[in-house]
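A.B. asks: Can you look at this prediction? I've put the sequence above it.
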Amino acid sequence: MTAGMTAGMTVEMHESGVRSYSRTFPGVFTTAKNELLRSEDGTEYLDFLAGAGTLNYGHNPEPVKQRLIDYLSNDGLTHGLDLVTTAKAGFLDAFSRYILAPRGMNYRIQFSSPSGTNAVEAALKLARLVTGRGPVVAFSGGFHGVSTGALAATGSAHYKQGLYATLPNTVHLPYPDSPLGEFDSLDLLRRLVEDPSAGLEKPAAVLIETVQGEGGVYVAPVEFLRGLREICDRHGILLIVDDIQAGCGRTGAFFSFERAGIVPDVVTLSKAIGGYGLPMSVVLIKPEYDIWLPGQHNGTFRGNQLAFIAAESVIRHYWADGTDGAFVREVRAKGRAAGEFLTTALTSRYPVALRGLGLMLGLDFSRTGDMSAAKVSQLCFDRGLIVETCGRADEVLKLLPPLTVTEENLRRGLETVVWAVDQLGGARAEATAGAGVLGEVVAV
Ligand code: PLP
């Protein structure tokens, strides 16, 4: 670094204005372990952002670290296009043996370029190729990435402004729950696909997050997901679940849709699948729909060998004991404890709604006047907790601690949130006591 320049100054001088997290959390970070991050000035932060849901196993998890070091020491390949490697075969074997087989699932596994958005691109392209149809049904509030095809399915105007006219053939239906309240989206979908005069070509796919992450932590009801599966079956529409944020154990099961007992035609995974924060994306495809020609969807970085090693390691370490193993039971217990704590200490005292599933939790501040989620997030940061906001207008505080967070640190983080809310709204707490709302099931 140039003499006299701090890291912050260097970034300010050279990096594009598109950066975002670094503005909200302006530390200069150096090391990280499990749920703790350290900055250059020695401050320790509790990380409830966890790489926006990527670090489900925390920073530098021990069960993976030594394997990566050994692999590098032996000059294992790091880059491999889609060549056959022992690292890739190790991941495929572990994923099919410990994730798919116990759940009775049969999917072909596609590796796309390592971002989530590219997995979504691949899924949408494939659905259009399989059906020969154009339209995709997505949901308001959904987030699927920012490359053109995925962006079309994303709801938020922030990402789409100035680009609407360039985005392909997507119809958005209201999600069954949103800031505007509950909505019978199944009935609307039925009317759109069953009425030949609805004005819409029959869709190629329905794309959904079963728990909306960026949209404000809204949880789709089980009956709704089953209804979607049924409509898609009846009309030859592919059901694509985007499990990029809610998958890999976050909601208290490996896949977020397991609670509904449905099997999507296509599933996208990214973020936590790489095990160690390493870039990796996967598209799971029912074998009958795997009609890709060789190389028809490709990408130079679809064979990140270090990610394969890490992904295999976490599957063997955390997921090898069945569909209801110790790890997911622990996630559910922590989710319940967090929900109980927040209900007692926060939502029973303030008009704040709590929604979520497992360890994907949202606190909705839209009814608290000027006590915004952004202010709570800022105060938390000043006190050593990193926690982001989401929702239409950043009205929701989104808690995504590593799933491996200790009970003590989970409690400490939640206490910091309550402390921040008390700082901002102490005077109002008494007046609104009892006005809190438990928005959604927290336990699964
Ligand atoms: N889909 C969902 C549900 C996501 O949460 C995200 C990212 O937050 C994406 C897709 C896009 O992933 P990426 O940022 O890796 O492109």
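C.D. replies: Perfect, I can see it now.
A.B. asks: how far does the helix or strand harbouring Val376 sit from the chain's center?
C.D. replies: Assigned by DSSP states H and E, Val376 belongs to helix 373-382. In terms of CA atoms, centre = their mean, to the nearest Å, the centre of helix 373-382 is found 21 Å from the chain centre.
A.B. asks: what packs against that helix?
C.D. replies: Applying 3 or more CB pairs under 8 Å, 6 or more residues apart in numbering; DSSP states H and E, we find helix 373-382 packed against helix 21-24, strand 360-364, strand 388-390, strand 396-399, helix 407-432. (Each C-beta comes from the backbone N, C-alpha and C, glycine too.)
A.B. asks: now those as TSV including distance to the ligand?
C.D. replies: Putting these into TSV (distance: least, CB to the nearest ligand atom, whole Å) gives the following:
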stretch	distance to the ligand
helix 21-24	12
strand 360-364	11
strand 388-390	10
strand 396-399	11
helix 407-432	21
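A.B. asks: How about the residues of the stretch 201-350 of the chain by the ligand?
C.D. replies: Contacts of the stretch 201-350 of the chain with the ligand, taken as CB under 6 Å from any ligand atom, map to 209, 213-214, 242, 244-245, 270.
A.B. asks: Looking at those, which are in strands?
C.D. replies: Of those, the ones assigned to strands by DSSP state E are Asp242.
A.B. asks: which strands and helices sit next to the helix or strand following the helix holding Val376?
C.D. replies: Downstream of helix 373-382, the next assigned helix or strand under DSSP H and E is strand 385-386. Secondary-structure packing of strand 385-386 (3+ CB pairs under 8 Å, 6+ apart): strand 44-47, helix 407-432.
A.B. asks: Deepest in the core, which of these is it.
C.D. replies: strand 44-47 (a mean of 20; mean count of other CB atoms under 10 Å).
A.B. asks: Heading C-terminal from it, find the next helix or strand.
C.D. replies: Following strand 44-47 in sequence, per DSSP H and E, is helix 50-53.
A.B. asks: can you pull the alpha-carbon coordinates of that next one into PDB?
C.D. replies: In PDB, the C-alpha atoms belonging to helix 50-53 read as follows (Å, rounded to 0.1, in the frame of the first residue of the first chain):
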ATOM      1  CA  ALA A  50     -22.000 -14.500   7.600                       C
ATOM      2  CA  GLY A  51     -21.200 -13.600   3.900                       C
ATOM      3  CA  ALA A  52     -25.000 -13.000   3.300                       C
ATOM      4  CA  GLY A  53     -25.700 -16.600   4.200                       C
END
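A.B. asks: picking that back up, could you dump the helices and strands packed on helix 373-382 to JSON lines with mean pLDDT and distance to Pro196?
C.D. replies: As requested, these are exported to JSON lines (pLDDT from 0 to 100; distance: least, CB to CB, whole Å):
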{"stretch": "helix 21-24", "mean pLDDT": "94", "distance to Pro196": "47"}
{"stretch": "strand 360-364", "mean pLDDT": "98", "distance to Pro196": "39"}
{"stretch": "strand 388-390", "mean pLDDT": "98", "distance to Pro196": "39"}
{"stretch": "strand 396-399", "mean pLDDT": "98", "distance to Pro196": "40"}
{"stretch": "helix 407-432", "mean pLDDT": "84", "distance to Pro196": "51"}
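A.B. asks: Which of those sits closest to Asn106?
C.D. replies: Across the helices and strands packed on helix 373-382, Asn106 has its closest neighbour in strand 360-364 (27.1 Å, CB to CB).
A.B. asks: Pull the residues that contact that closest one.
C.D. replies: 53, 211, 213, 216-217, 245-246, 250-251, 335, 338-339, 342, 346-347, 352-356, 373, 376, 390-391, 395-400, 417, 439, 442 (CB atoms under 8 Å, 6 or more residues apart in numbering).
A.B. asks: how about the residues of the stretch 201-350 of the chain next to the ligand, which pair is most distant?
C.D. replies: Spatial extent of those (CB to CB) is set by the pair Glu214 and Ser270 at 13.9 Å.
A.B. asks: With neighbour numbers in mind, choose between those two.
C.D. replies: Using other CB atoms under 10 Å, the more surrounded residue of Glu214 and Ser270 is Ser270, with 29 against 23.
A.B. asks: surely the more buried one meets Val283?
C.D. replies: No: using CB atoms under 8 Å, Ser270 makes no contact with Val283, being 9.6 Å away.
A.B. asks: Find the residues that touch each one of these two.
C.D. replies: Common neighbours of Ser270 and Val283 (CB under 8 Å, 6+ apart) are Ala119.
A.B. asks: which sections of this structure are below the confidence cut-off?
C.D. replies: Within the chain, the ranges that satisfy pLDDT under 70 run 426-444.
A.B. asks: how close does the residue in it positioned nearest to the ligand sit to Phe29?
C.D. replies: When scored by CB to the nearest ligand atom, the chain has Gly116 as its residue closest to the ligand, at 2.3 Å. Taking CB to CB, to the nearest Å as the measure, Gly116 falls 22 Å from Phe29.
A.B. asks: For the two, indicate the residue with more neighbours.
C.D. replies: Legend: neighbour count by other CB under 10 Å for Gly116 and Phe29, higher for Gly116 (29 against 16).
A.B. asks: Next, the contact list for the residue nearest the centre of the chain, please.
C.D. replies: By CA atoms, centre = their mean, the chain has its centre lying nearest to Gln245, at 1.2 Å. Contact analysis of Gln245 by CB under 8 Å, 6+ apart lists 52-53, 116, 143, 209, 211, 213-214, 271, 360.
A.B. asks: need the strands for the stretch 1-150 of the chain, in chain order.
C.D. replies: All strands of the stretch 1-150 of the chain, identified by DSSP state E, counting those that start in this stretch, fall at 29-33, 36-39, 44-47, 108-111, 136-139.
A.B. asks: Let me have the ones you listed in CSV, extended by distance to Gly58.
C.D. replies: Formatted as CSV, the strands of the stretch 1-150 of the chain follow (distance: least, CB to CB, whole Å):
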stretch, distance to Gly58
strand 29-33, 7
strand 36-39, 9
strand 44-47, 8
strand 108-111, 24
strand 136-139, 31
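A.B. asks: between those, which one is nearest to Arg23?
C.D. replies: Going by CB to CB, the one of these nearest Arg23 is strand 29-33, 14.3 Å.
A.B. asks: ok, and what's touching that closest one?
C.D. replies: With CB under 8 Å, 6+ apart, strand 29-33 has contacts from 37-40, 47, 58-60.
A.B. asks: In the sheet, which strands lie alongside it, parallel or antiparallel?
C.D. replies: If you go by DSSP bridges, strand 29-33 pairs up with strand 36-39 (antiparallel).
A.B. asks: Just the CA trace of stretch 194-209, in PDB.
C.D. replies: C-alpha atoms of stretch 194-209 as PDB (Å, rounded to 0.1, in the frame of the first residue of the first chain):
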ATOM      1  CA  GLU A 194     -55.900 -22.400 -17.000                       C
ATOM      2  CA  ASP A 195     -57.600 -19.600 -18.900                       C
ATOM      3  CA  PRO A 196     -56.600 -19.800 -22.600                       C
ATOM      4  CA  SER A 197     -57.600 -16.100 -22.800                       C
ATOM      5  CA  ALA A 198     -55.500 -15.000 -19.800                       C
ATOM      6  CA  GLY A 199     -53.200 -13.200 -22.200                       C
ATOM      7  CA  LEU A 200     -50.100 -15.100 -21.100                       C
ATOM      8  CA  GLU A 201     -48.300 -17.900 -22.900                       C
ATOM      9  CA  LYS A 202     -48.200 -20.900 -20.700                       C
ATOM     10  CA  PRO A 203     -45.100 -20.500 -18.500                       C
ATOM     11  CA  ALA A 204     -41.900 -22.600 -18.900                       C
ATOM     12  CA  ALA A 205     -41.200 -22.400 -15.100                       C
ATOM     13  CA  VAL A 206     -42.200 -21.100 -11.800                       C
ATOM     14  CA  LEU A 207     -39.200 -19.800  -9.900                       C
ATOM     15  CA  ILE A 208     -39.400 -19.400  -6.100                       C
ATOM     16  CA  GLU A 209     -37.500 -18.900  -2.900                       C
END
